[in-house]
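Undergrad: pasting the sequence and the predicted model now:
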Amino acid sequence: MWRSLEARDRARQGYAIPVRSLSMEIEFDEDTCIGMYQCVAEWGDGFEKDKDAGKAILVDGEESADGVFVREVPEGAELDAKFAARTCPVDAITIYDDDGEQLIP
């Protein structure tokens with residue numbers, strides 16, 4: 001976890017820890033989502049609000065199981081995807097590395 005919002009913002013701007021380019025995958029369990037939309041705030045290109053359903057939507061996600069959507073995280077969006085997963089209050093978002101190993105949560 002970041003020690004301060006300033007450290008997080010500096011990391012997002014590329015000042016802190018260099019992020020190595022990996023093929024990451026994000027998995028979103030729509031049934032678990034409670035519609036707090038922190039994921040939308042953290043990664044607005046990856047998630048959208050579905051106010052009618054009261055849940056977030058994983059943009060360009062493909063349904064892999066009932067209510068579970070997956071997609072590859074685009075290069076350059078890895079940090080935002082990780083923040084989205086970390087801020088989800090119900091752990092509806094899982095991040096996997098290029099070897100399929102679970103990184104978050």
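TA: That came in fine, so what should we check first? As the structure is a prediction and not an experimental result, all values here were calculated from the model. Numbers count the residues shown, from 1 in each chain.
Undergrad: Ala92 and Asp80, how far apart?
TA: 16 Å (C-beta to C-beta, to the nearest Å). Any C-beta I mention is one placed from the backbone N, CA and C, and that applies to glycine too.
Undergrad: compare the two (neighbour count), which wins?
TA: Neighbours were counted for Ala92 and for Asp80 using other C-beta atoms under 10 Å; Ala92 has more, 23 against 19.
Undergrad: so what's Gly54 up against?
TA: Ile34, Gly35 (C-beta atoms under 8 Å, 6 or more residues apart in numbering).
Undergrad: I should have written Leu103 there, sorry.
TA: Counting by C-beta under 8 Å, 6+ apart, Leu103 touches Met24, Lys82, Ile95, Tyr96, Asp97.
Undergrad: surely the third one and Lys82 touch.
TA: The reference is to Ile95. Yes: at 5.9 Å, Ile95 counts as touching Lys82 under the criterion of C-beta atoms under 8 Å.
Undergrad: what residues do those two have in common as contacts?
TA: Taking C-beta under 8 Å, 6+ apart as the contact rule, Ile95 and Lys82 both touch Leu103, Ile104.
Undergrad: ramachandran coordinates for the spatially most central residue of the chain?
TA: Centroid-nearest residue in the chain: Ala81, 3.2 Å away (criterion: C-alpha atoms, centre = their mean). For Ala81, the backbone dihedrals are phi -60, psi -40 (criterion: degrees, to the nearest 10).
Undergrad: now do the contacts for the closest residue to it other than its chain neighbours.
TA: Excluding its sequence neighbours, the residue lying closest to Ala81 (C-beta to C-beta, 6 or more residues apart in numbering) is Val73, at 4.5 Å. Residues in contact with Val73 (C-beta under 8 Å, 6+ apart) are Ser23, Met24, Glu25, Ile26, Gly46, Ala81, Ile95.
Undergrad: of those residues, keep whichever come out buried.
TA: Met24, Glu25, Ile26, Gly46, Ala81, Ile95 (16 or more other C-beta atoms under 10 Å).
Undergrad: shouldn't the third one be within a strand?
TA: Yes: Ile26 forms part of a strand when assessed by DSSP: H, G, I helix; E, B strand; the rest coil.
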